[in-house]
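Asks: mind folding the following:
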Amino acid sequence: MHDVPTDSFLTASHDPSTPAGRLRRLVEVGIALNSELSLEALLQRLIETAVELTGARYGALGVIDRLGTGLEQFITVGVDAETQAAIGNLPRGRGILGVLIRDRQALRLSDLGQDPRSVGFPPGHPPMGSFLGVPIMLRGAAFGNLYLTEKAEGVDFSEEDEEIVRLLAAQAAVAIENARLYESSRLWSRQLESLNEVSEALVSEAELSHLLELASSRLRELLDARVVLIELPTADGLDLTVEAASGENAEQLLGLKLVQQRSKAGRTLIRLRPERIDSLIDDPEVDQSAPRVVEATAGLYVPLIIRGRAAGVVVVYDKRGPDPRFSDADMRLAQAFANRAALALELSERVGREAVRALLQGQELERTRVARELHDETGQALTSILLGLKAIEAEIGEEPVALIRELVGSALGNVRRLTVELRPPVLDDFGLEPALERLTSVVAESSGLDVQLNVAARLVELPAEYETALYRIVQESLTNVVKHAEAQSVSIVVAGTPTTARVVIEDDGVGFDTTNIREGALGLAGMRERVLLLGGRFEVHSAPGSGTTLVVELPV
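Replies: Predicted coordinates for the structure are as follows:
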């Protein structure tokens, strides 16, 4: 007697058209949703289940964007590919869809098209009457909305349908959070692994150009961005130059110069603070030259910080996909990457500085060796010849040996001049001031220049490396004045404080355009390298017809 009712109950409990069957199905779906770790698959399964439980013909799930004002993703059920193509672009959250986004309340309608808040359907859209919309809430924030239309047999959605979908949405909220956490942890694990790989690769790359190229391409891969630029300040500190570019139109951006004071990258350099921009066109600080080349709409600006100073800026344009904006997670990843890139950049700078220092030290040692050999061997040999000529003069007369004496005297003068140019012994024996006095007197005598040297009486005692650098800079400057300046006079002032040494060299020559001159042509690059190696400041001021002023300041 009890078999029939029992069998009927079991059959009903599996039938989704009955209340018991729907509840059982809801429990099963809840378990299944919580076991689904792919967010995309979970959302698809969620809307399919909602359609099944309510008997709707069409269903959709709209994911709300970060601003909470529109839809960034729209997943549909019941609309075939041909119909979707006829409809065109997916909805962005206006009309009735926008009502749910704003109000975050369930909504049931008998006829969707008749509601005054509806904006109608685009051409090719299938007719839809009955409507049920339920928000999916995650910790008080709306993740998205479930939309169901066209209930079977042309009836309206019921309160029971609404309650079932509410329960489904509540279960889905937990499952979505789990899936998000899982995907975030997996993504961060992959990103951390990639960051470690990048760190190893960057540290092993000593050449600056290769390092920057590697850093830009790897960061673009990590962020899935369209374009990544690395901009470094120019030597004068006024501009930024794109030294590395990866992505779309990268070749057009490489070498691009931006004025620091008129660009977002320059302000990032000054502020030492990263910034995320959702709309580049609306930010008045953004120099639009680079974004225009790549047609970018969103960006990240992250400084490369080395020991408290900004050595450059990483600029990232547009996330790939339907939404080009970057997230907070993207910003954190870019900062983590920039920290590693800055360490690699510092290491590269150190290697470069040490290589230059070793080269300069080697040059000075070789100069010293050759200068001493010229002085001690060649110079003494020529002096001995001059003394020997006196004995010959006493026997055969002065006239036969006059030419020989002149040639030997000239060679001895050249040897002494070369000795001073290579490495004057007075610099090692007595210091910078006597060495400069000797240098300026030789230059004035040989060139006819009026050379004025003024060395402060209280100039702080400098390390040998600093004295060598200042001597070489004065020496190279005087050579430039003699060869190129067409000057009548030159002034050299050496002064200092307890913490700095300063040299100012001024001439009244023809001057030059500092924006068009190749630094190597005047030895400026070598002088600048010496100064920067010691952490100093190097400036050249000149213009055609107004002479040249060179300023060097070294921290002691």
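Asks: check contacts around residue 322.
Replies: Neighbouring residues of residue 322 by Cβ atoms under 8 Å, 6 or more residues apart in numbering: 72, 73. Just so you know, the C-beta spots here come from the backbone N, C-alpha and C atoms, and that holds for glycine as well.
Asks: quick one: pLDDT of it?
Replies: For residue 322, the pLDDT comes out at 79.
Asks: OK, contacts around residue 298?
Replies: Neighbouring residues of residue 298 by Cβ under 8 Å, 6+ apart: 277, 278, 279, 280, 317, 318, 319, 324, 325, 326.
Asks: what bridges to residue 73?
Replies: residue 63 (DSSP bridges).
Asks: ok, it touching residue 62?
Replies: Yes: under the criterion of Cβ atoms under 8 Å, residue 73 makes contact with residue 62 at 7.1 Å.
Asks: neighbour-wise, which of these two wins?
Replies: Taking neighbours as other Cβ atoms under 10 Å, residue 73 and residue 62 compare with residue 62 leading, 28 against 16.
Asks: find residues that contact each of residue 73 and residue 62.
Replies: residue 144.
Asks: which secondary structure element contains the residue located most distally from the centre of the chain?
Replies: Within the chain, the residue lying farthest from the chain centre (Cα atoms, centre = their mean) is residue 395, at 81.2 Å. Using DSSP states H and E, residue 395 sits within helix 380-396.
Asks: can you list contacts of that helix?
Replies: By Cβ under 8 Å, 6+ apart, helix 380-396 touches 401, 404, 405, 408, 409, 411, 412, 415.
Asks: show me which of those residues are buried.
Replies: Buried by 16 or more other Cβ atoms under 10 Å: 401, 405, 408, 412, 415, out of those.
Asks: just to revisit the earlier point, in ChimeraX, how would I select the buried members of the contacts of residue 298?
Replies: Of these, the buried ones can be selected in ChimeraX as follows, counting by 16+ other Cβ under 10 Å:
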select :277,280,317,318,319,324,325,326
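Asks: in JSON lines, list the contacts of residue 298 along with secondary structure.
Replies: Below are the contacts of residue 298 laid out as JSON lines (DSSP: H, G, I helix; E, B strand; the rest coil):
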{"residue": "277", "secondary structure": "strand"}
{"residue": "278", "secondary structure": "coil"}
{"residue": "279", "secondary structure": "coil"}
{"residue": "280", "secondary structure": "helix"}
{"residue": "317", "secondary structure": "strand"}
{"residue": "318", "secondary structure": "strand"}
{"residue": "319", "secondary structure": "strand"}
{"residue": "324", "secondary structure": "coil"}
{"residue": "325", "secondary structure": "coil"}
{"residue": "326", "secondary structure": "coil"}
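Asks: in JSON lines: the buried ones among the contacts of helix 380-396, plus pLDDT, secondary structure and distance to residue 488.
Replies: JSON lines is the format used below for the buried ones among the contacts of helix 380-396 (pLDDT from 0 to 100; DSSP: H, G, I helix; E, B strand; the rest coil; distance: Cβ to Cβ, whole Å):
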{"residue": "401", "pLDDT": "73", "secondary structure": "helix", "distance to residue 488": "40"}
{"residue": "405", "pLDDT": "76", "secondary structure": "helix", "distance to residue 488": "35"}
{"residue": "408", "pLDDT": "77", "secondary structure": "helix", "distance to residue 488": "34"}
{"residue": "412", "pLDDT": "74", "secondary structure": "helix", "distance to residue 488": "30"}
{"residue": "415", "pLDDT": "72", "secondary structure": "helix", "distance to residue 488": "30"}
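Asks: sort out which one of these lies nearest residue 556 for me.
Replies: For the buried ones among the contacts of helix 380-396, the residue nearest residue 556 by Cβ to Cβ is residue 415; the value is 35.1 Å.
Asks: was I right to think that closest one contacts residue 408?
Replies: No: assessed by Cβ under 8 Å, residue 415 is found out of contact with residue 408, at 10.4 Å.
Asks: now the helix holding residue 395: average pLDDT?
Replies: The average pLDDT within helix 380-396 is 76.
Asks: check which residues of it are buried.
Replies: Buried residues in helix 380-396 (16+ other Cβ under 10 Å): 382, 385, 389.
Asks: nearest spatial neighbour of the spatially most central residue of the chain, skipping sequence neighbours?
Replies: Central residue of the chain (Cα atoms, centre = their mean): residue 314, 1.4 Å from the mean position. Spatial nearest neighbour of residue 314, excluding adjacent residues (Cβ to Cβ, 6 or more residues apart in numbering): residue 302 at 4.5 Å.
Asks: and that neighbour, what does it touch?
Replies: 268, 274, 313, 314, 316, 331, 334, 335, 338.
Asks: between the buried residues of helix 380-396, which is nearest residue 544?
Replies: Distances from residue 544 to those, taken as Cβ to Cβ, are shortest for residue 382 (44.4 Å).
Asks: and that closest one, how close does it get to residue 410?
Replies: 10 Å (Cβ to Cβ, to the nearest Å).
Asks: with residue 319 instead?
Replies: For residue 319 relative to residue 410 (Cβ to Cβ), the value is 74 Å.
Asks: one more: residue 482?
Replies: For residue 482, the distance to residue 410 - Cβ to Cβ - is 20 Å.
Asks: repeat for residue 381
Replies: 15 Å.
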